[in-house]
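Trainee: Please work out how this folds:
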Amino acid sequence: MRRSGSTEFRVLGAAFLAFSAAVGAGWLYGFDLWTLRAAQERTYGALDAVSNLLSSFGSPQTTAAALVVLAAGLWLYGRRSLAVRLVLVFVAASLVEVAMKYLLPQAPMPEGISRSSGHSPLVELAYPYPYPSGHMLRAVIVFGAAYLLVENGLLRTGVVLLLAVMALSRVYLGVHWTTDLVGGALLGAAGLAWAFRARNGERKRSRKLWR
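Mentor: Residues are numbered from 1 along each chain as shown. Reported below is the predicted structural model:
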């Protein structure tokens, strides 16, 4: 993603809105059922434990703690504007997530299939709809920011793999539809594009945190 993220923000924002409309209209329900059945065809206790561990990387507690560390590092490094924008994006996107889970009529997950061990937040709300995935949204914002800030191929590969297996774990555990995860990823990516957009003169002053 380039630093001039205004174009990416508009494209990703439009993609999120279009995808959300398709989900709300029920056009992707057959795909969701197919992927859920494929993921639930065989389940294993050890894989459940690993999947719950992977899911924890997108929990409110883990991502909020990671965001605080990341924002503090940016602040101390002199990139205070970016630190503030990342916090604003995290909060705003989370509010959009909550609103959509009350407003967008995505089919609820079938009862009795969830094998999630929890990771309950301090305040837990009962949402009528599962779209979009908050775990995916938060993980994309926090770990995606690390991806953009660190010019290290190994670390970037690790971030991509972490996001991918975390998404798979949510479907495998029966917590989310596949479209919930895609929607969360699109919303998180749009937020990142906004947070990393360039301002006048910022590009000349900016440097990477680590190389």
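
Trainee: CA atoms for contacts and neighbours, from now on please.
Mentor: Will do.

Trainee: So the residue nearest the centre of the chain, which state does it fall into?
Mentor: Relative to the mean C-alpha position of the chain, the nearest C-alpha, by CA atoms, centre = their mean, is the one of Leu137, at 2.1 Å. Three-state assignment for Leu137 (DSSP: H, G, I helix; E, B strand; the rest coil): helix.

Trainee: Wait, it touches Gly184, no?
Mentor: Yes: here Leu137 reaches Gly184: they are 4.3 Å apart, a contact under CA atoms under 8 Å.

Trainee: The helix or strand hosting Ala18: how far from the chain's middle?
Mentor: Using DSSP states H and E, Ala18 sits within helix 6-24. How far helix 6-24 lies from its chain's middle: 15 Å, per CA atoms, centre = their mean, to the nearest Å.

Trainee: If you count contacts, what does it end up packed against?
Mentor: Here helix 6-24 touches helix 178-195, going by 3 or more CA pairs under 8 Å, 6 or more residues apart in numbering; DSSP states H and E.

Trainee: what's the spacing between Ala126 and Tyr77?
Mentor: 40 Å (CA to CA, to the nearest Å).

Trainee: Ignore what I typed, I meant Val68.
Mentor: From Val68 over to Tyr77 (counting by CA to CA), the distance is 14 Å.

Trainee: How about Ala185?
Mentor: Distance from Ala185 to Tyr77, by CA to CA: 28 Å.

Trainee: Repeat that for Pro110.
Mentor: 47 Å.

Trainee: More neighbours: Ala126 and Tyr77, which one.
Mentor: Tyr77 (13 against 8; other CA atoms under 10 Å).

Trainee: and the more buried one, backbone torsions?
Mentor: phi -80, psi 0 (degrees, to the nearest 10).

Trainee: With Gly112 instead?
Mentor: phi 80, psi 10.

Trainee: so where's the protein shaky on pLDDT?
Mentor: Regions of the chain meeting the criterion pLDDT under 70 cover residues 1-5, 118-125, 198-211.

Trainee: so where do the helices sit in it?
Mentor: Assigned helices in the chain, in chain order: 6-24, 29-40, 45-55, 60-76, 80-103, 134-149, 153-172, 178-195, 202-205 (criterion: DSSP state H).

Trainee: Could I get these in TSV, plus columns for distance to Ser117?
Mentor: Listed next are the helices of the chain as TSV, based on distance: least, CA to CA, whole Å:
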stretch	distance to Ser117
helix 6-24	27
helix 29-40	16
helix 45-55	6
helix 60-76	15
helix 80-103	21
helix 134-149	14
helix 153-172	11
helix 178-195	19
helix 202-205	44
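
Trainee: Which among these is found nearest to Arg115?
Mentor: With CA to CA as the measure, helix 45-55 is the member of these nearest Arg115 (7.2 Å).
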